[in-house]
Every structure is written in C-alpha cells, then in structure tokens.
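Participant: what's the 3D shape of this:
(one chain, ligands or ions: 2)
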Amino acid sequence: MTFIVNDYIDIALKSEADGIHLGQGDLSIVEARKIVGDKIIGISTHAIAEARLAERQGADYIGVGPIFRTATKEDVVDPVSVSYVREVAQSIQIPFVAIGGIKLHNVDEVIAAGATRICAISEIVGSKDVRGTCEAFISKLK
Ligand SMILES: Cc1ncc(COP(=O)(O)OP(=O)(O)O)c(N)n1
Ligand SMILES: Cc1ncsc1CCOP(=O)(O)O
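Facilitator: Ligands and ions are numbered 1, 2, ... in the order given. So this is what the prediction gives:
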C-alpha cells in the first residue's frame, strides 16, 4: 500500500510516508523536492496551466478537480467539469487522479473523459455498503 501524507512534510518525513500531497497554497514542488528527495510528490490542480507547471516542476502525479460540486471540502474552487479531465488526459503525461463530487451515477462521464484513477469520499463513506460501493467503482475502472 502507498501512504501519502496531505500538506505536512514534517509528518511525511517522521512517519516515513511514501509521499506528500500539496495544495496550490502550500510549499512549491521545487521546494518540496529539495526536502523529500525521491518520495512521491502530488499536487492538486484546478486548471491546465497549474497542471503543466506541476509536470514541468517534477510532480509525480496531479489531482484534477473538483470535477463536480462537493460538500466534503469547504474552501474549494468552483467545479472544473469533465472538460478539464479531457484536457489533462490529452496533454499531460504524468498520472492524474480525478476528484470532487464523483459518485457511481456520474463516474462513467469522468472515465469517458480519460480518467483512469478517481478519488471518491462521500459516495464511499456515506454508503451503507462500503465494500460494495468500492467494488462498483473498481469494476467501472477495469
Ligand atoms: C483524498 C484527498 N484528501 C485530501 C486532499 C487535499 O485536500 P486539501 O489539502 O484540503 O486540498 P488542496 O489544498 O490539496 O487543494 C486530496 N487532494 N485528496
Ligand atoms: C479533497 C478534495 N479536493 C477537491 S474536492 C475534495 C473532496 C472530494 O470529496 P467527495 O468525493 O465527497 O466530493
């Protein structure tokens, strides 16, 4: 299993995590790379310019979203829609994870736009059948 710590590089180092996930307002990828060496660095992006910059600066993966409206995170930008997934799938070479408002009823659109990795929080943790919901997502991604 790969263990990524969100935001806190000191905790990532102390806990011997595999990597760190950054937001646009956090430490830059260049600065983070100096500290974490070859650990995985990911960063949330909301526009193609951010995605291109992340790739140029040596990010290992990017987050792409929020695709749809989400109630899970408060300080979130407006939904970027599946068109941003399409743009990233066509022009970015590093792996990306689509995130934000992804549910079983709309994940097909996200996959059709080119996503092969998704993050879904509320659909899974709010489900009465967590395992079944995970399996349903996994079968769509196969
Ligand atoms: C699964 C998962 N959890 C948290 C984040 C990042 O959330 P947050 O730090 O609130 O947002 P950004 O600052 O990265 O935009 C994530 N991307 N994935
Ligand atoms: C951490 C994060 N970053 C953008 S949206 C989001 C939350 C996604 O949660 P949900 O799958 O419940 O919309």
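
Participant: Quick one: list the elements packing against the longest strand anywhere in the chain.
Facilitator: In the chain, taking DSSP state E as the definition, the longest strand is strand 40-45. Under the contact definition 3 or more C-beta pairs under 8 Å, 6 or more residues apart in numbering; DSSP states H and E, strand 40-45 sits against strand 19-22, helix 29-36, helix 48-56, strand 61-64. Where C-beta positions appear, they are placed from N, C-alpha and C, glycine not excepted.

Participant: For these, give me a markdown table that also has mean pLDDT.
Facilitator: Formatted as a markdown table, the helices and strands packed on strand 40-45 follow (pLDDT from 0 to 100):
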| stretch | mean pLDDT |
| --- | --- |
| strand 19-22 | 98 |
| helix 29-36 | 97 |
| helix 48-56 | 98 |
| strand 61-64 | 98 |
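
Participant: So for residue 140, which of these sits nearest?
Facilitator: Nearest of the helices and strands packed on strand 40-45 to residue 140, taken as C-beta to C-beta: strand 61-64 at 17.3 Å.

Participant: Show the contacting residues for residue 35.
Facilitator: Residue 35 makes contact with 9, 13, 27, according to C-beta atoms under 8 Å, 6 or more residues apart in numbering.

Participant: Give me the buried subset of these.
Facilitator: Among the contacts of residue 35, those scoring as buried are 9, 27 (criterion: 16 or more other C-beta atoms under 10 Å).

Participant: Dump the contacts of residue 35 into JSON lines; add distance to residue 85, pLDDT and secondary structure as well.
Facilitator: Formatted as JSON lines, the contacts of residue 35 follow (distance: C-beta to C-beta, whole Å; pLDDT from 0 to 100; DSSP: H, G, I helix; E, B strand; the rest coil):
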{"residue": "9", "distance to residue 85": "28", "pLDDT": "96", "secondary structure": "helix"}
{"residue": "13", "distance to residue 85": "32", "pLDDT": "97", "secondary structure": "helix"}
{"residue": "27", "distance to residue 85": "26", "pLDDT": "93", "secondary structure": "coil"}
